[in-house]
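Enquirer: Okay, sequence plus prediction incoming.
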Amino acid sequence: MESCIIKSPLGFAKITGDKDGIVSVIVLNSNEKVTDIIPIELEDCVIQLNQYFDGTRKQFNLNLNPSGTDFQKKVWKQLEQIQYGKTCSYLDLSKQLGDVKAIRAVANANGKNPLWIIVPCHRVIGSDGSLTGYAGGLHRKQWLLEHESPYKQQSLF
């Protein structure tokens, strides 16, 4: 298993994977040393994440290989269907998966998503439009949603 550390606008991120695909991308809450030489198995992921942050990539094209239960993988697969710049609620996601009563299980699986940004769990919000829990921190979720928004707010100061 290979890994590397990259710097993003939201802090340092650790990417892990091998020839079978990307296993995880996690945001770190500490300063880390950026990896000097990116393992070949992770190069495409690093390039695509940098393109995303530069605003030139809206969809990822990577071989993913996360570990999780069948239910978690089903939820993560559904998350990949949420379009760039769009959001959906946990309730909507539960309905799309065919069981409105599974909303808590869906939210739990969403929170265990090991592929930060690539599987866009940040695009799931509360039914009332609120920014609800996010493993990377609500400030990051807000930044990601603003980054993807077609309506850019200009700063007056």
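Expert: Okay, I see it.

Enquirer: what about the protein, any weak spots by pLDDT?
Expert: 152-157 (pLDDT under 70).

Enquirer: rerun that using 80 as the cut-off
Expert: For the chain, applying pLDDT under 80 flags the ranges 133, 135, 151-157.

Enquirer: Tell me where it has strands.
Expert: Along the chain, counting by DSSP state E, strands occupy 2-8, 11-18, 21-27, 88-89, 124-125.

Enquirer: Could you check the angle the second one makes with strand 21-27?
Expert: Counting by axes from the mean of the first three to the mean of the last three Cα atoms, to 10 degrees, strand 11-18 lies at 160 degrees to strand 21-27.

Enquirer: Please enumerate residues in contact with strand 11-18?
Expert: 1-7, 22-32, 34, 41-42, 45-46, 49, 65, 116, 140 (Cβ atoms under 8 Å, 6 or more residues apart in numbering). Every C-beta, even on glycine, is put in place using the N, C-alpha and C of the backbone.

Enquirer: Just the buried residues of that strand, please?
Expert: 12, 13, 14, 15, 16, 17 (16 or more other Cβ atoms under 10 Å).

Enquirer: same thing with the third one?
Expert: Of the residues in strand 21-27, those buried under the neighbour-count criterion (16+ other Cβ under 10 Å) are 22, 23, 24, 25, 26, 27.
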